[in-house]
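**Student:** sequence and predicted structure, then a few things I'm wondering about:
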Amino acid sequence: MSGHSKWQQIRRKKAVTDAKRGKMFTQIIKEITIATRLGGGDPDGNPRLRLAIDKAKGANMPAENIKRGIMKGTGELPGMAYEDAMYEAYGPAGVALLIEAVTDNKTRTVNDIRYVLDRNHGKLAATGAVAYQFHRKGQIIVLTNKISEDDLMGLILDAGAEDMTSDGEHYLVITLPEAFEQVKKAIEGKHILIEHAELQMIPENTIKVDGKDAENLLKLIEGLEDHDDIQHVYANFDVDESVLAALNVG
């Protein structure tokens, strides 16, 4: 896996274990609410809601919280009128950023994002300026001690997966969005524990970043991720694990 993938794994683990856990719950509830509003409250017929519920369960969110999020989406409980938003930006070293948000006030959110970018060597980009560099793909992470590489490769290819890589500790399964659910179910059907599964925006190419640019970039991404409205920050950078270690990341 690339240094960028390693960074993503570190961020996920920190979100579960540190003080950002409350923010993660807020993000997931927003996603459950908007997924329900757009696609209905039945997860069997709403893939986006099903994925949000899986994420909630993976974060050990109480079932009552999940239920309230769905009821806010169906209108059975009062709640904010959330909507999706996507912002494009540049970070240090010209790294392209896609910023996914769920917000009840787009003006507030874009002003907050601009403030974080301005303070961390970034800037907003025009719509379409960087989005073309990314494609939505499914990513499924499985620990290598759960199944052999050959067995998993055969299983996922039969289910429609696109590719698989390994860093020795994890397998990273890549799928097209339309094959994501099918591949995920095939892995679960063999009772193989999935560490993480999500649809993400994957860059076509990456920019190597190190030194002060890497430090500033990671600080910028962390500042954006700390905002309650921001669900994901995608970027087309790669950074050596030695650089992550030098920056005390992880």
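**Tutor:** Arrived safely, thanks for sending. Because the structure is a prediction, the values reported are computed rather than measured. Numbering: from 1, shown residues only.

**Student:** Three-state assignment for residue 78, please.
**Tutor:** coil (DSSP: H, G, I helix; E, B strand; the rest coil).

**Student:** measure it to residue 66 for me?
**Tutor:** Distance from residue 78 to residue 66, counting by CB to CB, to the nearest Å: 17 Å. The C-beta positions use only the backbone N, C-alpha and C, and glycine is treated the same way.

**Student:** same check, this time on residue 40
**Tutor:** Counting by CB to CB, the gap from residue 40 to residue 66 is 15 Å.

**Student:** higher neighbour count, the two?
**Tutor:** Of the pair residue 40 and residue 66, residue 66 is the one with more neighbours under other CB atoms under 10 Å, namely 19 against 15.

**Student:** what's around the nearest residue to the more buried one once chain neighbours are set aside, how many residues?
**Tutor:** Ranked by CB to CB, 6 or more residues apart in numbering and with sequence neighbours excluded, the top spatial neighbour of residue 66 is residue 56, at 5.1 Å. Residue 56 has 21 neighbours, counted by other CB under 10 Å.

**Student:** same check on residue 69?
**Tutor:** The burial count assigned to residue 69 is 27, neighbours taken as other CB under 10 Å.

**Student:** what do you get for residue 240?
**Tutor:** 15.

**Student:** next one: residue 84
**Tutor:** 14.

**Student:** longest single helix anywhere in the protein?
**Tutor:** Using DSSP state H, we find that the single longest helix of the chain is helix 21-39.

**Student:** give me the buried positions along it.
**Tutor:** By 16 or more other CB atoms under 10 Å, the buried positions in helix 21-39 come out as 24-25, 27-37, 39.

**Student:** elements contacting that helix?
**Tutor:** Judged by 3 or more CB pairs under 8 Å, 6 or more residues apart in numbering; DSSP states H and E, helix 21-39 is in contact with helix 3-17, helix 47-58, helix 63-74, strand 96-103, strand 230-235.

**Student:** can you redo these as TSV with mean pLDDT and distance to residue 154?
**Tutor:** Listed next are these as TSV, based on pLDDT from 0 to 100; distance: least, CB to CB, whole Å:
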stretch	mean pLDDT	distance to residue 154
helix 3-17	55	23
helix 47-58	90	24
helix 63-74	93	34
strand 96-103	95	33
strand 230-235	92	30
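
**Student:** nearest to residue 175, of these?
**Tutor:** Closest to residue 175 of the helices and strands packed on helix 21-39 is helix 47-58 (CB to CB; 12.7 Å).

**Student:** who does the closest one touch, helix- and strand-wise?
**Tutor:** Helix 47-58 is packed against helix 21-39, helix 63-74, strand 194-203, with contacts defined by 3+ CB pairs under 8 Å, 6+ apart.

**Student:** mind exporting the longest one as CSV, just the C-alpha atoms?
**Tutor:** Taking Å, rounded to 0.1, in the frame of the first residue of the first chain, the C-alpha atoms of helix 21-39 are listed here in CSV:
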residue,chain,number,x,y,z
ARG,A,21,-14.8,9.5,18.8
GLY,A,22,-17.7,11.9,19.6
LYS,A,23,-17.1,13.7,16.3
MET,A,24,-17.1,10.4,14.4
PHE,A,25,-20.5,9.6,15.9
THR,A,26,-21.8,13.0,14.7
GLN,A,27,-20.5,12.3,11.2
ILE,A,28,-22.1,8.9,11.0
ILE,A,29,-25.5,10.1,12.4
LYS,A,30,-25.5,12.8,9.7
GLU,A,31,-24.7,10.2,7.0
ILE,A,32,-27.5,7.9,8.3
THR,A,33,-29.9,10.8,8.3
ILE,A,34,-29.2,12.0,4.8
ALA,A,35,-29.0,8.5,3.4
THR,A,36,-32.4,7.8,4.9
ARG,A,37,-33.9,11.0,3.6
LEU,A,38,-32.6,10.3,0.0
GLY,A,39,-33.2,6.6,-0.2
